[in-house]
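Asks: Just need the structure, nothing else, for what follows:
(chains A and B)
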2 protein chains.
Amino acid sequence: MSSSSAAPGDGEKARASGGKPPMRDALVAAAFRLFLERGYEQTTVDDIVALAGVGRRSFFRYFPSKEDVVFPDHERCLADMEAFLAAGGEGDEPVARVCDAARLVLRMYAENPAFSVQRYRLTKKVPGLRAYELSVVWRYERALADYLRGRFAGRRDGTLRADVIAAAVVAAHNNALRSWLRSDGQGDAGAAVDHALGYVQSAFGASPVPPAAEGPEDVVVVVSRRGAPLWRVVQEIETTLGRD
Amino acid sequence: MSSSSAAPGDGEKARASGGKPPMRDALVAAAFRLFLERGYEQTTVDDIVALAGVGRRSFFRYFPSKEDVVFPDHERCLADMEAFLAAGGEGDEPVARVCDAARLVLRMYAENPAFSVQRYRLTKKVPGLRAYELSVVWRYERALADYLRGRFAGRRDGTLRADVIAAAVVAAHNNALRSWLRSDGQGDAGAAVDHALGYVQSAFGASPVPPAAEGPEDVVVVVSRRGAPLWRVVQEIETTLGRD
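Replies: Residues are numbered from 1 along each chain as shown, chains lettered A, B, ... in the order given. Below you'll find the model as predicted:
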């Protein structure tokens, strides 16, 4: 369930003006204060709403469960990612597009480094949160893969390429993100993610969308041992080109 | 916890002779019969042990929870994968080695197609099992990534390459595995996985560990437009080989 659809009143109004509903922020702040003081398992929803000075129903209007308050921005980020991918055109290079979509996740983390680092430490300690995070990551990966499956539709190995590239993009993004979180949010997270995504683009960037059909720009690739006699190499090329 | 370490008695004896403990098999069979008849959520551990004719303690000797009985072979498979990777030497091409490790998972599924297809359908219907499966997949991916991190230690972008390649291998394997499961276990799962892993090897196979030095088996690759005149191609080869 989207957090915005669960808050149709002032929440939507705040979204429209670019801000966030203050009650929602207050609940997140109260929750993290208690998680850090007492531990995640030892904190109940009742404790959180008591500290925030609101009722239980207000909590569940914004968050389906206690786990969701730990990741308050993922639903919005996932919706932003899907909208970004849907807004793309046929002219976009597919791998570059999913890399740009992954950068939206990084931006969410980098907007608030202190909060992101706190959450990273909390998630590492609580197995239930780690499982929740895996399911969130899986949803990002599916969004990227679904987009690529659409772009590669009808091509040979289209779904295979889509799934592999989506997984590679997510792994590269998370490798750079985790390094940044482990360094307590120091350094340039954007540059690290750009570098990591560049590696994926170098592996997959051009190949997934092959040229349409054989034409005058069709190439011949000949692989030969360096020690092979020249006449043997020429014979191989002639055979390949059908000119013998 | 490993299922075999939890069953130090007749379980270990059966393992040693290549079989499986009969009580463990009986519990899995009873569980799946009830899951299919009543649904997963509606089946309790008490129902399972009653049908299998054993006590509750016997169930928990083999399975830490009800979820674990759905995936009875993953702990063994993960241990096999880690042992296989640890047994490798410096001469193994790292990407080929993790592809071979992934094939161990496929083999586990292909050993018992009917059971694997039943479980696939059950897992798709029950969100809790889907989350459990994601955590299992994550552990396989970490095992592959840890091996690659060791092999790429000291190389530029070693951990990045390791994480990306491990994710790509898992995604390729799962793409082929899911196609096979959706087809009710028809067709050659091994060939489909080989094809999928071949795609990953073509993207990453050679680059992460460059060859030691140029030698007599060094190859020359010439890429030429098909329409190019033959004399031009020969000239290019001569230049490349340094024989002009």
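Asks: Remind me which helix or strand the residue nearest to the spatial centre of chain A belongs to.
Replies: Nearest to the geometric centre of chain A sits A:Ala102, at 4.0 Å (C-alpha atoms, centre = their mean). Assigned by DSSP states H and E, A:Ala102 falls within helix A:94-111.
Asks: CA-only coordinates of that helix in PDB, if you can.
Replies: C-alpha atoms of helix A:94-111 as PDB (Å, rounded to 0.1, in the frame of the first residue of the first chain):
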ATOM      1  CA  PRO A  94      17.600   1.000 -22.100                       C
ATOM      2  CA  VAL A  95      20.600   0.200 -19.900                       C
ATOM      3  CA  ALA A  96      21.300   3.900 -19.400                       C
ATOM      4  CA  ARG A  97      17.700   4.500 -18.500                       C
ATOM      5  CA  VAL A  98      17.600   1.800 -15.700                       C
ATOM      6  CA  CYS A  99      20.900   3.200 -14.400                       C
ATOM      7  CA  ASP A 100      19.300   6.600 -14.100                       C
ATOM      8  CA  ALA A 101      16.300   5.000 -12.400                       C
ATOM      9  CA  ALA A 102      18.600   3.400  -9.800                       C
ATOM     10  CA  ARG A 103      20.100   6.900  -9.100                       C
ATOM     11  CA  LEU A 104      16.600   7.900  -7.800                       C
ATOM     12  CA  VAL A 105      17.100   5.500  -4.900                       C
ATOM     13  CA  LEU A 106      20.600   6.800  -4.200                       C
ATOM     14  CA  ARG A 107      19.200  10.400  -4.100                       C
ATOM     15  CA  MET A 108      16.600   9.300  -1.500                       C
ATOM     16  CA  TYR A 109      19.400   8.000   0.800                       C
ATOM     17  CA  ALA A 110      21.700  10.900   0.100                       C
ATOM     18  CA  GLU A 111      19.000  13.500   1.000                       C
END
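Asks: List the contacts of that helix.
Replies: A:73-74, A:77, A:80-81, A:84-85, A:88, A:116, A:140, A:143-144, A:147-148, A:151-152, A:165-166, A:169-170, A:172-173, A:176-177, A:180-181, A:189-190, A:193, A:197, A:200-201, A:204-205, A:208-209 (C-beta atoms under 8 Å, 6 or more residues apart in numbering or on different chains). Where C-beta positions appear, they are placed from N, C-alpha and C, glycine not excepted.
Asks: do stretch A:146-154 as well
Replies: A:85, A:88, A:94, A:97-98, A:101, A:158-159, A:161-163, A:165-166, A:208-209.
Asks: try stretch A:85-93
Replies: Against stretch A:85-93 from outside (C-beta under 8 Å, 6+ apart): A:97-98, A:101, A:143-144, A:147, A:205, A:209.
Asks: Redo those as a markdown table? Include pLDDT and neighbour count.
Replies: Converted to a markdown table, the contacts of stretch A:85-93 look like this (pLDDT from 0 to 100; neighbours: other C-beta atoms under 10 Å in any protein chain shown):
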| residue | pLDDT | neighbour count |
| --- | --- | --- |
| A:Arg97 | 97 | 19 |
| A:Val98 | 97 | 32 |
| A:Ala101 | 97 | 23 |
| A:Ala143 | 98 | 21 |
| A:Leu144 | 98 | 27 |
| A:Tyr147 | 98 | 23 |
| A:Gly205 | 76 | 16 |
| A:Val209 | 41 | 15 |
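Asks: which of these lies closest to A:Asn112?
Replies: A:Ala101 (20.3 Å; C-beta to C-beta).
Asks: Check the offset of the helix or strand hosting A:Leu78 from the chain's centre.
Replies: A:Leu78 belongs to helix A:74-86 when elements are defined using DSSP H and E. Relative to its chain's centre, helix A:74-86 lies at 10 Å (C-alpha atoms, centre = their mean, to the nearest Å).
Asks: ditto for stretch A:45-63
Replies: Here stretch A:45-63 shows a centroid-to-chain-centroid distance of 30 Å under the convention C-alpha atoms, centre = their mean.
Asks: wouldn't A:Leu181 be in contact with A:Ala114 here?
Replies: No: counting by C-beta atoms under 8 Å, A:Leu181 does not reach A:Ala114; the two are 11.3 Å apart.
Asks: Compare those two (neighbour count), which wins?
Replies: Counted by other C-beta atoms under 10 Å in any protein chain shown, A:Leu181 and A:Ala114 do not tie: A:Leu181 has more neighbours, with 21 against 9.
Asks: one step back: let me know the closest of the contacts of stretch A:146-154 to chain B.
Replies: Ranked by distance to chain B (C-beta to the nearest C-beta), the contacts of stretch A:146-154 are led by A:Asp163 at 4.5 Å.
Asks: I'd assumed B:Ala172 was in contact with the closest one.
Replies: Yes: at 7.3 Å, A:Asp163 counts as touching B:Ala172 under the criterion of C-beta under 8 Å.
Asks: What segments of chain A are strands?
Replies: A:219-225 (DSSP state E).
Asks: So what are the structural domains in it, by residue number?
Replies: With automatic domain parsing as the criterion, the domains of chain A are listed as A:10-68, A:74-204.
Asks: Can you lay out these as TSV showing distance to B:Val28?
Replies: Listed next are the domains of chain A as TSV, based on distance: least, C-beta to C-beta, whole Å:
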stretch	distance to B:Val28
domain A:10-68	30
domain A:74-204	23
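Asks: Just the C-alphas of stretch A:179-195, formatted as PDB.
Replies: C-alpha atoms of stretch A:179-195 as PDB (Å, rounded to 0.1, in the frame of the first residue of the first chain):
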ATOM      1  CA  SER A 179      30.300   1.500   1.100                       C
ATOM      2  CA  TRP A 180      29.000   5.000   1.600                       C
ATOM      3  CA  LEU A 181      26.800   4.000   4.500                       C
ATOM      4  CA  ARG A 182      29.600   2.100   6.200                       C
ATOM      5  CA  SER A 183      31.800   5.200   5.900                       C
ATOM      6  CA  ASP A 184      29.000   7.000   8.000                       C
ATOM      7  CA  GLY A 185      27.800   8.900   4.900                       C
ATOM      8  CA  GLN A 186      31.200  10.600   4.300                       C
ATOM      9  CA  GLY A 187      32.400  11.100   0.700                       C
ATOM     10  CA  ASP A 188      30.600  11.600  -2.600                       C
ATOM     11  CA  ALA A 189      27.900   8.900  -2.800                       C
ATOM     12  CA  GLY A 190      26.800  10.100  -6.300                       C
ATOM     13  CA  ALA A 191      30.300   9.700  -7.700                       C
ATOM     14  CA  ALA A 192      30.600   6.200  -6.200                       C
ATOM     15  CA  VAL A 193      27.300   5.100  -7.700                       C
ATOM     16  CA  ASP A 194      28.200   6.600 -11.100                       C
ATOM     17  CA  HIS A 195      31.400   4.600 -11.100                       C
END
